[in-house]
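1. Following is a predicted model, sequence given first.
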Amino acid sequence: MDDPGGSFVAVRRISQGFDRGNNSNSSFSSYFHLLLYWMMYSRLYCEVGAGSAAWLGKGLSCVCVQGSENDARPSFDLSAAQEHCLQRLQYRIDVSYDSSLPEHKETLRALWTVAFPKENLRDLISEQWKEMGWQGKDPSTDFRGGGYISLENLLYFARNFPKSFQALLRKQEGDRALWEYPFAVAGVNITCMLIQILDLEAVKPRTFVGATFLKFLEENESAFDLLYCIAFKLMDQQWLSMRASYMDFNAVMKATRRRLEAELLQDNITRLEDLPSYSLLKR
């Protein structure tokens with residue numbers, strides 16, 4: 001087969017929801033066999049800097065828009081409090097998921113429990129994880145691009161905005177495409193995108209968006225997690241409004257980034273709850 005030219009792994013929408021009957025299990029099996037098949041022909045890299053790349057999971061690349069290397073990039077001075085908040089967040093970003101750590105394993109179990117409270121998880125390595133939109137039976141392989149913080153982001157979303165989380169997980173809202181994005185791996189992409197557009201790996205922010213975000217972070221230590229929830233819901237709204245299918249995921253992520261940056265730079269925004277897209281979230 002020719003390379004389809006996309007960096008997205010498709011998941012077929014199940015119109016009947018998460019039916020636990022035999023037909024549903026068979027459908028999930030066949031659909032995820034197709035998912036794995038597409039993995040072989042998808043672009044496997046996450047753009048993390050101009051001219052550089054890092055692997056993200058196995059098939060769904062993080063879609064991040066890069067500026068020219070010659071772009072002027074101002075540096076913003078930070079208050080002592082902002083510098084401290086940034087360093088704490090950077091520490092979180094630097095932590096890789098480690099399946100040998102009890103804390104990390106418990107966080108993964110907690111995510112399953114919140115996502116599927118009526119279904120027991122048989123093992124941390126299980127085919128059940130595909131129901132959440134991971135690319136295989138071991139979610140840890142999909143954390144390579146986003147690290148442990150991408151798991152923390154998903155759990156924060158599930159606990160603090162359960163209605164929105166479940167609606168996205170189960171694709172309950174809107175006129176959905178036949179081939180949908182895999183929920184969990186898309187979530188890792190959201191983490192990756194936010195780290196990049198907020199310039200969080202720099203010693204000091206070099207963009208107005210990054211400098212603006214640090215003001216929110218100084219006031220709310222969960223600002224990154226909250227912005228993640230907003231960005232995920234915004235991405236799904238863009239997906240629906242663009243009537244997107246799996247080949248359009250890159251374009252959807254770029255549109256999401258542009259919209260999020262524009263909202264963050266509005267003059268009347270003094271906290272993340274003031275963002276227009278915050279209203280999309282339902283607790």
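-> Cool, the structure landed. Numbers count the residues shown, from 1 in each chain.
2. Show me where the stretch 1-150 of the chain dips below the pLDDT cut-off.
-> Scanning the stretch 1-150 of the chain for pLDDT under 70 picks out the ranges 1-75.
3. make it 50
-> Along the stretch 1-150 of the chain, segments meeting pLDDT under 50 span 1-71.
4. Helices of that one, start to end?
-> Under the criterion DSSP state H, counting those that start in this stretch, the stretch 1-150 of the chain contains helices at 22-39, 80-94, 102-115, 148-160.
5. so what's the residue nearest to Leu151 when sequence neighbours are not counted up against?
-> Counting by CB to CB, 6 or more residues apart in numbering, Leu151 lies nearest to Thr107, which is 5.7 Å off, once chain neighbours are set aside. Quick note: C-beta positions are derived from backbone N, CA and C, even for glycine. Thr107 makes contacts with 148, 151-152, 155, as judged by CB atoms under 8 Å, 6 or more residues apart in numbering.
6. and with 7 Å instead?
-> 151-152, 155 (CB atoms under 7 Å, 6 or more residues apart in numbering).
7. Narrow these to just the buried residues.
-> 151-152, 155 (16 or more other CB atoms under 10 Å).
8. Strands along this structure, start to end?
-> With DSSP state E, the ranges of strands along the chain come out as 11-12, 45-49, 52-55, 179-180.
9. Which one of the helices of the stretch 1-150 of the chain lies nearest to Ala244?
-> With CB to CB as the measure, helix 22-39 is the member of those nearest Ala244 (16.1 Å).
10. Could you report the neighbour count for Val188?
-> Val188 sits with 30 neighbouring residues when counted by other CB atoms under 10 Å.
11. was I right about it contacting Asp142?
-> Yes. Applying CB atoms under 7 Å, one finds Val188 in contact with Asp142, separated by 5.8 Å.
12. For the residue nearest to the spatial centre of the chain, which residues are in contact?
-> For the chain, Gly187 is the residue whose C-alpha lies nearest the centre (CA atoms, centre = their mean; 2.2 Å). Contacts for Gly187 (CB under 7 Å, 6+ apart) come out as 150, 153-154, 232.
13. Please apply the same query to Gly147.
-> Shown in contact with Gly147 (CB under 7 Å, 6+ apart): 93, 95-97.
14. In CSV, list the buried ones among the contacts of Thr107 along with distance to Ala115 and pLDDT.
-> Formatted as CSV, the buried ones among the contacts of Thr107 follow (distance: CB to CB, whole Å; pLDDT from 0 to 100):
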residue, distance to Ala115, pLDDT
Leu151, 12, 97
Glu152, 14, 98
Leu155, 9, 98
